[in-house]
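Novice: Okay, here's the prediction I keep looking at, along with the sequence it came from:
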Amino acid sequence: MKRSSLFTIIIGLLFLSTYSFASDYYIDSVLGVDSNNGASISTPWKNSSKINGLRLAAGDRLYLKSGSVWNGQQLKFAGSGAAAFPIIINQYVGGFIGFAMGYTDSVSFSTIGAGTCTFIVSPITGSALGAFSDIIAISIAIGVIKTIAVTIGTPIIAKRIGLDNPRTAMVHGGIMGPTSGVATVLAATDEKLVPFGALTATFYTGLRCLLCPSLLFFITKFILT
């Protein structure tokens, strides 16, 4: 059992380390500048020919700005992917327009999903995955809405769900989060329960700060691709 667990951890670390060396490249025919590094949405290249001088590696991602036009240019790059880490060519669009259309890329999907955990987890996840700033803003907004809903709604139903003892307070903190919302709810219910709920809520937040940019992202990427 111990050997199998160790083997799983080693494989997981190898998987993470391989993916961590993957690179993203952005090309925008309107706002791009070829002197940029092309490594982010804020510093895209202008011409698609910029990618031709690179040797792409397994897991690298090439994003073409939706609506861009490149006349007389061909996309020819060296390198190759792998079965588990293909080279991905995708498009990217403006945040709110893309959200209205329905995001399907794993970075945006994971970042928005992290917002349902807490508004603290969302920017950490988005920054770690290189999500666009508007996606991170949407994710934070979702987290804030959740906090408000938990803060207002839980005291109303506290008695019905048995939120009146340390055990249920810890369960509530571990499930709901974030710490601020849980502490406010428990203070309104019974101030003696605040330390119990805050303890698990803090652990909840920290754990998800680790899992959302890693495990959640890889699961989402696997499902979407």
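Specialist: Happy to help now that I have it. All values derive from a computational prediction rather than experimental measurement.

Novice: Could you look up the SS state of residue 62?
Specialist: Classification of residue 62 using DSSP: H, G, I helix; E, B strand; the rest coil returns strand.

Novice: List the beta-bridge partners for it.
Specialist: Using DSSP bridges, the beta-bridge partners of residue 62 come out as residue 25, residue 89.

Novice: separation between the residue lying farthest from the centre of the chain and residue 53?
Specialist: For the chain, the C-alpha lying farthest from the average C-alpha position belongs to residue 72; by CA atoms, centre = their mean, that distance is 36.3 Å. Relative to residue 53, residue 72 is positioned 17 Å away (criterion: CB to CB, to the nearest Å). The C-beta positions use only the backbone N, C-alpha and C, and glycine is treated the same way.

Novice: Could you pull out the helices in this protein for me?
Specialist: Counting by DSSP state H, one finds helices in the chain at the ranges 2-20, 95-101, 106-115, 121-129, 133-157, 166-175, 179-189, 194-211, 217-224.

Novice: Is it possible to get JSON lines of these that adds distance to residue 78 and mean neighbour count?
Specialist: Compiled in JSON lines, these are given as follows (distance: least, CB to CB, whole Å; neighbours: other CB atoms under 10 Å):
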{"stretch": "helix 2-20", "distance to residue 78": "19", "mean neighbour count": "10"}
{"stretch": "helix 95-101", "distance to residue 78": "30", "mean neighbour count": "14"}
{"stretch": "helix 106-115", "distance to residue 78": "25", "mean neighbour count": "25"}
{"stretch": "helix 121-129", "distance to residue 78": "26", "mean neighbour count": "23"}
{"stretch": "helix 133-157", "distance to residue 78": "31", "mean neighbour count": "17"}
{"stretch": "helix 166-175", "distance to residue 78": "49", "mean neighbour count": "19"}
{"stretch": "helix 179-189", "distance to residue 78": "49", "mean neighbour count": "21"}
{"stretch": "helix 194-211", "distance to residue 78": "35", "mean neighbour count": "19"}
{"stretch": "helix 217-224", "distance to residue 78": "24", "mean neighbour count": "15"}
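
Novice: Tell me which of those helices sits nearest to residue 61.
Specialist: Using CB to CB as the criterion, the shortest distance between residue 61 and the helices of the chain is 8.8 Å, found for helix 106-115.

Novice: May I have that closest one as CSV, with CA atoms only?
Specialist: The C-alpha atoms that make up helix 106-115 are tabulated as CSV, following Å, rounded to 0.1, in the frame of the first residue of the first chain:
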residue,chain,number,x,y,z
SER,A,106,-9.8,24.7,-19.4
VAL,A,107,-8.0,27.8,-18.0
SER,A,108,-11.1,29.9,-18.0
PHE,A,109,-13.4,27.1,-16.9
SER,A,110,-11.1,26.2,-13.9
THR,A,111,-10.7,29.9,-12.9
ILE,A,112,-14.4,30.5,-12.9
GLY,A,113,-15.0,27.2,-11.1
ALA,A,114,-12.5,28.3,-8.4
GLY,A,115,-14.8,31.3,-7.7
